[in-house]
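> this one's structure only:
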Ligand SMILES: N=C(N)NCCCC[C@H](N)C(=O)O
Ligand SMILES: O=C(O)CCC(=O)C(=O)O
Ligand SMILES: [Fe+2]
């Protein structure tokens, strides 16, 4: 991120969603206003809240309630869908199993990914091969999450159209070879209450998720109401809170968009610290490029930044696999 932002902007994306496939989308004044806000937010913070997104707030809340219900179960139940290399890194990971920068994260989670069928992407795809491990309790878990994933995929694609315009490209710049068949990731996460995880001893040191950037294009975070835990790092290294705003998503840019934009936008470091006496749930949806996409700076971004590549290109699936295979102590 390029600035010392002190707060995270809120963007009403409804004009963009209304006109997302109009042929003259770039000429529409309502859309243009959203595009300007996206551009400013992506340049200054790499984070923004989205409202007017059209995803029913009841669905957003149901998703969090189902998540809370799942994690309330005894560990033996949760371990029935345990994550391992054999499951394609899909399933449940207990507290401390995910590591960030060498330290265990004080969180438990279920990871779900777009399905990778046998042989789909050669050797690289083999690591992620498998189908998702859905719990049998709560009974609505699979159906609700799948509906939610569809909604988030649709919304993300439309926001990415706005971001493509913001970078000076055409609306469909990030589709086709880049993201026409987007790989998605869903992380269903629970962060223990501060007092339980460390016995009242210095709760401020309890890191639910260490500082990291996200891997793909765009993340949609559906966080618990009433608990302030997500923090975003600004240019001078201060941690700026992203407090919950009911009915909104917290959105942020991933590593692949940093490369595509040649650094005009960056993936911002963020972390989670749950200092509250309550258990916190969060469901993060990650919209990512095609698994086999070779990501390079877009021509339109190269032109704007003096013509030199600021980053090495990356194959998205390779980037994901390098993370997934080093994220866990299993
Ligand atoms: N798919 C995403 N972005 N997951 C975010 C988790 C980041 C933490 C992970 N241990 C890491 O070190 O990357
Ligand atoms: O829990 C949160 O608010 C965000 C989690 C996150 O940053 C992630 O899983 O990548
Ligand atoms: Fe993240």
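Perfect, thanks for sending it. Everything numeric in this text was worked out from a predicted model, so none of it was measured. Ligands and ions are numbered 1, 2, ... in the order given.
> the closest residue to ligand 2 within the stretch 51-200 of the chain in helix, strand or coil?
Nearest residue of the stretch 51-200 of the chain to ligand 2 (CB to the nearest ligand atom) works out as residue 187 at 4.9 Å. Glycine gets a C-beta too; all of them are placed from N, C-alpha and C. In the three-state summary, residue 187 is assigned as strand, counting by DSSP: H, G, I helix; E, B strand; the rest coil.
> does it touch residue 107 like I think?
No - using CB atoms under 8 Å, residue 187 makes no contact with residue 107, being 9.4 Å away.
> higher neighbour count, these two?
Looking at residue 187 and residue 107 with other CB atoms under 10 Å, you find the greater number of neighbours at residue 107, namely 26 against 20.
> backbone torsions only: list them for that one.
phi -160, psi 160 (degrees, to the nearest 10).
> where's it relative to residue 180, distance?
Counting by CB to CB, to the nearest Å, the separation of residue 107 from residue 180 is 33 Å.
> over to residue 21?
Residue 21 sits at a distance of 14 Å from residue 180 (criterion: CB to CB).
> of those two, who's got more company?
When residue 21 is set against residue 180 and neighbours are counted by other CB under 10 Å, the residue ahead is residue 180, at 13 against 9.
> report pLDDT for the more buried one.
The predicted structure scores residue 180 at 98 on the pLDDT scale.
> for it, what are its contacts?
Contacts were defined as CB atoms under 8 Å, 6 or more residues apart in numbering; by that measure residue 180 touches residue 290.
> oh, and call the first residue 30 from now on, that's how I've got it
Sure thing, new numbering starts at 30, so read that last one as residue 209.
> now do the contacts for the residue nearest the centre of the chain.
Computing the C-alpha centroid of the chain and ranking residues by CA atoms, centre = their mean puts residue 248 first, at 2.7 Å. Counting by CB under 8 Å, 6+ apart, residue 248 touches 280, 281, 282, 283, 313, 314, 315, 316.
> now, which of these sits nearest ligand 1?
residue 315 (5.1 Å).
> how would you label that closest one: helix, strand or coil?
Three states are possible here, and by three-state DSSP the one that applies to residue 315 is strand.
> what sits up against the helix or strand harbouring residue 78?
Take DSSP states H and E as the rule and residue 78 turns out to sit in strand 76-80. Taking contacts as CB under 8 Å, 6+ apart, the residues outside strand 76-80 that touch it are 30, 37-42, 66-67, 70-71, 184, 188, 249, 261, 271, 274, 276-282, 297, 299.
> inside strands: which ones of those residues?
Counting by DSSP state E, the members of those that fall within strands are 39, 40, 41, 249, 261, 278, 279, 280, 281, 282, 299.
> beta partners for the second one?
The one in question is residue 40. Partner residues in beta bridges with residue 40, using DSSP bridges, are residue 79.
> out of the contacts of strand 76-80, which are buried?
Buried subset of the contacts of strand 76-80 (neighbour count, 16 or more other CB atoms under 10 Å): 30, 37, 40-42, 66-67, 70-71, 184, 188, 249, 261, 271, 276-282, 297, 299.
> return only those of those found close to ligand 2.
The overlap between those and the neighbourhood of ligand 2 (criterion: CB under 6 Å from any ligand atom) consists of residue 299.
> need the residues of the stretch 180-329 of the chain near ligand 2, please.
Contacts of the stretch 180-329 of the chain with ligand 2, taken as CB under 6 Å from any ligand atom, map to 216, 218, 238, 243, 250, 252, 259, 299, 301, 311, 313.
> and the residue nearest to the first one when sequence neighbours are not counted, what does it touch?
Read that as residue 216. On the basis of CB to CB, 6 or more residues apart in numbering, the spatially nearest residue to residue 216 that is not a chain neighbour turns out to be residue 313, at 4.6 Å. With contacts taken as CB under 8 Å, 6+ apart, residue 313 has the following neighbours: 215, 216, 218, 248, 249, 250, 251.
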